[in-house]
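Colleague: I'll drop the sequence and a predicted model, then ask my questions.
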Amino acid sequence: MIRYDAPQAAFYREKLIERVQADTRDCYQCGNCSAGCPAAFTFDYAPNQVMRMLQVGLVDRVLDSKAVQLCVQCLTCTARCPRNIDIAGIFEDLRSVTAAQEREVPEYAKTFNKAFMGSVARFGRLPELYMMGMFYLGTMKPKMAMGDAGLAIPMLTKGKMQFIPRKAKGADEVSRIYKKTMGIARARQKAEAKIMGSAAKAAAAGAVAEGAAGLGAAGRGPGPGNEAAG
Amino acid sequence: MSLAYYPGCSLLHSSAEFDRSTRKVLAALGVEYKDVPDWTCCGSTPAHMMDHLLAQSLAARNLRQAAEVGDQLLAPCASCYQRQKNAEIEIHKSDAFRAQVNAVLDKPYTGHVIVYALPEYLMKFVGEEKIASLVKADLSQLKVVPYYGCLLGRPSELTGECDNEQPMMMDMLLEAAGVDVKWWNYKTECCGASGGMPKMEIQRRLSGKVLGQARAAGADAVVVCCPLCHVNLDLKQSQINSYLGTDYEMPILYLPQVLGLALGLSADDVMLGKNMVDPAPLIKKAVAEAARMKAEEEKKAAEKAAKAAAREAEAADAEVAAAAQVAAAAQVAAGAPEDGVAEAKS
């Protein structure tokens, strides 16, 4: 049973309008985004389902989803949305929220992003081999690394790989940009979580009041919407 | 107006052939440029998945560096292009956002640098006519499909393409270079680049579909203008084959490699040797085929001309004969009465 979490839906909707200029309420569930999505076969929720979940306020469940992590940002959904919603922009924002919250998320996209940005912040330019090493260290999956190890030989013989990464001149500035912006993002997330927390408390208080008024609070059970209150 | 060139990280090593061929083509077309001084990574693709301000600031740093050279920035890598174009648009549109970005940078970006992708720059500032006029090698027997992927065509408001689903700039450039461009439906389908490492199933399946569609369209090679597309289709083609049980052996060429060859550059100039699936035999075959067809056409034309000449000579002979006949007949006609008279006289 889906329970609407109106305060969370409204809060996140406002944030998306502010940050992505996309209004989740515009979605009328035509399913064009899911039909065109090339990566949806690996998702737990199709893009249109994610849109619906945002409309009803299942934000936490969306943030924990595989879909948000596995979106390949090909922009097909955005290009084909008849309501001109920047769906890829919404997915991008959702994933940056999980990054700012330092949330535990499924799949290895987070590991990849961290390995990539960590390497770039250190050297200024991407040292491809070093980054791959950092990624496979981060995954702790030697099997995954072995799958790509076969590519190393032709890349080396063709001179397509740099062995020892060199620091570019602007590397220090890049490192500062990375630290500053992620700091700003984390601070913003904390502030938002506070606002959401108090909104959730108010909502819970409202639900209790409803229950006291005999409006079937018992029938609600441990629904997905209750996650937000926790 | 001077042009700043942003190679980007991929073009330094894993896509060295893209960098070299682009520079050679620009030189052959007489385009002058300078490298962006002390450029750094644009953050593509992870930065914008981690934080919006991070992504835009990394790109803005490069725009600031490019402004030292001029107010045009050419980023051949489609992913670098997309990130820097995105930042350019947002920063130039809003002073408030520019201030936010500048608060993060060491030195503020105050310029107005416009970012171009390679096909876009060539179409706008060089033009099909000029390219066509400089073509030296006949590539009419090279059958290719242009593959735009996600970032060269989408969203069309950003990239300046005519349509989200049907971008045309690479088609037009290749046609201007005299290449046989095949029509297909997979121009803008994703190759799965950004999921390539964390979730290889996405890359294997999507890139496999692209190769299958290219083959179905009757192409012998796919032309790309993005190092990520190239890695997925070329470097990982053997992995795709073993994952999907296919037998693709499709050369994947960079757009400037093909343009360079058409403009008369050698295989070494455009670094064909760096491609994983060797394109050299295909190029040789196509050039030889074109030469054979040209020779055959010339032979046919010569035969045709010889036949026409023979016919003309015959006709001329006939005319001469006819004229002689007429003359003889006239003589006969004129002489007969005389003869008759003479006969009568005698």
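Modeller: Sure, I can see it.

Colleague: what are the buried residues along stretch B:170-183?
Modeller: B:170-182 (16 or more other CB atoms under 10 Å in any protein chain shown). All C-beta spots, glycine's among them, are computed from the backbone N, C-alpha and C.

Colleague: C-alpha coordinates for stretch B:106-120, PDB please?
Modeller: Coordinates of each C-alpha in stretch B:106-120 appear next as PDB, following Å, rounded to 0.1, in the frame of the first residue of the first chain:
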ATOM      1  CA  ASP B 106      41.100  30.700  -7.000                       C
ATOM      2  CA  LYS B 107      40.800  33.400  -9.600                       C
ATOM      3  CA  PRO B 108      37.400  34.500 -11.000                       C
ATOM      4  CA  TYR B 109      36.200  33.700 -14.500                       C
ATOM      5  CA  THR B 110      35.000  37.000 -16.000                       C
ATOM      6  CA  GLY B 111      35.100  36.200 -19.700                       C
ATOM      7  CA  HIS B 112      32.600  35.100 -22.200                       C
ATOM      8  CA  VAL B 113      34.000  31.900 -23.900                       C
ATOM      9  CA  ILE B 114      31.700  30.000 -26.300                       C
ATOM     10  CA  VAL B 115      32.300  26.200 -26.300                       C
ATOM     11  CA  TYR B 116      32.200  24.200 -29.600                       C
ATOM     12  CA  ALA B 117      32.300  20.500 -30.400                       C
ATOM     13  CA  LEU B 118      34.400  19.400 -33.400                       C
ATOM     14  CA  PRO B 119      31.500  18.800 -35.900                       C
ATOM     15  CA  GLU B 120      29.800  22.000 -34.800                       C
END
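
Colleague: how about the buried residues of stretch B:170-183 in a markdown table, adding secondary structure and distance to chain A?
Modeller: Output for the buried residues of stretch B:170-183, formatted as a markdown table (DSSP: H, G, I helix; E, B strand; the rest coil; distance: CB to the nearest CB, whole Å):
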| residue | secondary structure | distance to chain A |
| --- | --- | --- |
| B:Met170 | helix | 18 |
| B:Asp171 | helix | 19 |
| B:Met172 | helix | 21 |
| B:Leu173 | helix | 22 |
| B:Leu174 | helix | 23 |
| B:Glu175 | helix | 25 |
| B:Ala176 | helix | 27 |
| B:Ala177 | coil | 26 |
| B:Gly178 | coil | 29 |
| B:Val179 | coil | 25 |
| B:Asp180 | strand | 28 |
| B:Val181 | strand | 23 |
| B:Lys182 | coil | 22 |
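
Colleague: can you pick out the most distant pair from the residues you listed?
Modeller: B:Ala176 and B:Lys182 (16.1 Å; CB to CB).

Colleague: quick one: which helix or strand includes B:Val222?
Modeller: Per DSSP states H and E: B:Val222 is located in strand B:221-224.

Colleague: ranges for the helices of chain A?
Modeller: Listed in chain order, the helices of chain A (DSSP state H) span A:6-20, A:32-36, A:47-56, A:59-63, A:66-70, A:76-80, A:87-100, A:109-123, A:128-139, A:142-157, A:171-212, A:226-229.

Colleague: ok, is the first one in contact with chain B or not?
Modeller: Yes: applying CB under 8 Å from any CB of the partner chain, one finds that helix A:6-20 is in contact with chain B at A:Arg19.

Colleague: which parts of the stretch 101-250 of chain B sit against chain A?
Modeller: Counting by CB under 8 Å from any CB, the stretch 101-250 of chain B comes close to chain A at B:104-106, B:150-151, B:154-156, B:164-165, B:188-190, B:192-195, B:197-202, B:205-206, B:235-236, B:238-239.

Colleague: would you mind splitting chain A into its domains for me?
Modeller: As recorded under automatic domain parsing, the domains making up chain A are A:1-107, A:108-209.

Colleague: show me the contacts for B:His92.
Modeller: Counting by CB atoms under 8 Å, 6 or more residues apart in numbering or on different chains, B:His92 makes contact with B:Arg98, B:His112.

Colleague: mind saving the C-alpha coords of the one helix or strand it maps to as PDB?
Modeller: Taking DSSP H and E as the criterion, B:His92 maps to helix B:78-93. C-alpha atoms of helix B:78-93 as PDB (Å, rounded to 0.1, in the frame of the first residue of the first chain):
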ATOM      1  CA  ALA B  78      32.000  15.000 -26.600                       C
ATOM      2  CA  SER B  79      31.900  14.600 -22.900                       C
ATOM      3  CA  CYS B  80      34.200  17.500 -22.200                       C
ATOM      4  CA  TYR B  81      32.200  19.500 -24.700                       C
ATOM      5  CA  GLN B  82      28.900  18.800 -23.000                       C
ATOM      6  CA  ARG B  83      30.200  19.600 -19.500                       C
ATOM      7  CA  GLN B  84      31.800  22.900 -20.500                       C
ATOM      8  CA  LYS B  85      28.900  23.900 -22.700                       C
ATOM      9  CA  ASN B  86      26.500  23.300 -19.900                       C
ATOM     10  CA  ALA B  87      28.600  25.400 -17.500                       C
ATOM     11  CA  GLU B  88      29.100  28.100 -20.200                       C
ATOM     12  CA  ILE B  89      25.300  28.500 -20.600                       C
ATOM     13  CA  GLU B  90      24.500  28.500 -16.900                       C
ATOM     14  CA  ILE B  91      27.300  30.900 -16.000                       C
ATOM     15  CA  HIS B  92      26.600  33.400 -18.800                       C
ATOM     16  CA  LYS B  93      22.900  33.400 -18.100                       C
END
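
Colleague: skipping its backbone neighbours, what lies nearest the residue nearest the centre of chain A in space?
Modeller: Chain A has A:Arg95 as the residue nearest its centroid, 1.7 Å off, counting by CA atoms, centre = their mean. Spatially, and ignoring its direct neighbours in sequence, A:Arg95 is nearest to B:Met49 (4.8 Å; CB to CB, 6 or more residues apart in numbering or on different chains).

Colleague: what's the helix or strand that neighbour falls within packed up against?
Modeller: Using DSSP H and E, the element containing B:Met49 is helix B:47-50. Here helix B:47-50 is seen to pack against helix A:87-100, helix A:109-123, helix B:52-67, helix B:78-93 when contacts are counted using 3 or more CB pairs under 8 Å, 6 or more residues apart in numbering or on different chains; DSSP states H and E.

Colleague: understood, closing this out.
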